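Participant: sequence first, then the predicted structure, then my questions.
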Amino acid sequence: MEISLANQVALITGSSSGIGAGIAKSMAKSGATVIINYPFDGALSDAETVLKEITDEGGKGMLCKCDVSKEDEVIKMFADVVSAYGTVDILVNNAGIQKDAKFTEMTLDQWNAVIGVNLTGQFLCAREAIKEFLKRGIDESRSVACGKIIHISSVHEIIPWAGHANYASSKGAIRMLMQTLAQEFGDRKIRVNSICPGAIQTNINKNAWSTPEALNSLMSLIPYNRIGQPQDIGNLAVFLASDAADYITGTSIFIDGAMTTFESFSENG
């Protein structure tokens, strides 16, 4: 089955690297015009590299600087995209950070930074996307849905993670945000889902795979016995954004090599 996102505009937050870059590349290959979002000037070079790879292969897109935790910047980002391309069809709420600490040592700044990007950022972007979807309405030359939102969550929306209370809390909350939006706007044909990655080979978790010893330890958690790649997430995101997935909404889809089966219990725990 060939999946096309032709004539659609996809805004992918945090897409200058990692999972977001993988999603942007996959959506561009499927015909979408992609918005490469980066949060600060230091990430501009990475964003330019992603966009160049896309355009060198015949894809289309633009760069957009925005810290998704800041309301005024999110509003401006959506206004800029609509000004450039007329609308937004797909939002991938991917931007996320980690500020790890033991719970008794976690500072309020660490807590607020992670909640601000990982959760508040997803709220702000989803709100602006839905406003644009409702303003435009359904255009079946683009999609049978009025709009599509894909939240990038984590296996840690259901797996507790000691030393990462802020991160795990943000991901658990994303599940409720996603399901609430799917419930509230389903009758307007807006589809909202979450992708929940397990271990994906990106710089954010480099310590977990950068040495043979670390990678071997990681494999003890993954029955499928390989680390995921950004393209794995990109392939699923393309499907969820397409009309082939039109009856899928309000759902968390785990893409984790079976990590959530808790391999440590494979021989009675």
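Facilitator: Noted; the coordinates are in hand.
Participant: contacts, neighbours, all on C-alpha from now
Facilitator: Noted.
Participant: quick one: low-confidence ranges for the stretch 1-150 of the chain?
Facilitator: When residues are selected by pLDDT under 70, those of the stretch 1-150 of the chain lie in 1.
Participant: tell me where it has helices.
Facilitator: 18-29, 44-56, 71-85, 108-115, 121-136 (DSSP state H, counting those that start in this stretch).
Participant: out of those helices, the one nearest residue 143 is which?
Facilitator: Comparison of those against residue 143 by C-alpha to C-alpha identifies helix 121-136 as nearest, at 11.6 Å.
Participant: and the closest one, how far from the chain's centre?
Facilitator: Between the centre of helix 121-136 and the centre of its chain there are 15 Å (C-alpha atoms, centre = their mean, to the nearest Å).
Participant: what angle separates it from helix 108-115?
Facilitator: Counting by axes from the mean of the first three to the mean of the last three C-alpha atoms, to 10 degrees, helix 121-136 points 30 degrees away from the direction of helix 108-115.
Participant: and residue 269, what pLDDT?
Facilitator: If you check residue 269, the pLDDT there is 57.
Participant: scratch that, residue 208 is what I was asking about
Facilitator: For residue 208, the predicted pLDDT is 76.
Participant: quick one: low-confidence residue ranges for the stretch 151-269 of the chain.
Facilitator: Short version for the stretch 151-269 of the chain, where the test is pLDDT under 70: 265, 268-269.
Participant: and the strands in the stretch 51-200 of the chain, which stretches?
Facilitator: Assigned by DSSP state E, counting those that start in this stretch, the strands in the stretch 51-200 of the chain fall at 60-65, 90-93, 147-152, 190-197.
Participant: and the gap between residue 50 and residue 26?
Facilitator: 11 Å (C-alpha to C-alpha, to the nearest Å).
Participant: can you check residue 73 too?
Facilitator: Per C-alpha to C-alpha, residue 73 is found 26 Å from residue 26.
Participant: residue 114 and residue 165 touch, don't they?
Facilitator: No. Under the criterion of C-alpha atoms under 8 Å, residue 114 makes no contact with residue 165, lying 9.9 Å away.
Participant: between those two, which one's more packed in?
Facilitator: Using other C-alpha atoms under 10 Å as the criterion, residue 114 and residue 165 rank with residue 114 on top: 24 against 19.
Participant: gap between that one and residue 97?
Facilitator: 6 Å.
Participant: identify the contacts common to those two.
Facilitator: Common contacts of residue 114 and residue 97, defined by C-alpha atoms under 8 Å, 6 or more residues apart in numbering, comprise residue 167.
Participant: how about residue 35, nearest residue that isn't a chain neighbour?
Facilitator: Closest residue in space to residue 35, ignoring its immediate chain neighbours: residue 11 at 4.6 Å, by C-alpha to C-alpha, 6 or more residues apart in numbering.
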